[in-house]
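Asks: Got a predicted model here, sequence first, then my questions.
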Amino acid sequence: MANEVQAINVIFDGPPAPDAGRFVEVEDDRGRSLSIGEWIERPDGLWALRIPGVLAPPQPEREG
């Protein structure tokens with residue numbers, strides 16, 4: 001299991017939609033719950049699950 005690459009899966013009880021599903025939990029690829037990050041309230045009134053120390057994936061270049 002050491003050095004095994006896995007994804008972090010953010011689980012919701014429904015798909016993206018105007019009345020989208022609600023957050024359930026964060027799991028690894030084996031379905032184990034992960035205690036990761038910290039819930040923070042943003043100045044705009046929204047909430048974010050902030051997971052520090054993650055390398056951002058490369059983004060496609062934008063034309064224009």
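Replies: Cool, got the structure.

Asks: Which residues does the residue most central in space within the chain form beta bridges with?
Replies: What sits nearest the mean C-alpha location of the chain, by C-alpha atoms, centre = their mean, is residue 10, with 4.9 Å. When assigned by DSSP bridges, residue 10 has beta-bridge partners residue 26.

Asks: Return the distance of it relative to residue 4.
Replies: 20 Å (C-beta to C-beta, to the nearest Å). C-beta: built from backbone N, CA, C; applies to glycine.

Asks: And the strands in this structure?
Replies: For the chain, strands defined by DSSP state E occupy the ranges 9-12, 23-27, 38-41, 47-50.

Asks: Output the below-cut-off pLDDT ranges for the chain.
Replies: 1-3, 64 (pLDDT under 70).

Asks: end-to-end on stretch 42-52?
Replies: Distance across stretch 42-52, first residue to last, is 15 Å (C-alpha to C-alpha, to the nearest Å).

Asks: ok so, going back, out of the strands of the chain, nearest to residue 60?
Replies: The minimum distance between residue 60 and these falls on strand 9-12, with 22.0 Å, by C-beta to C-beta.
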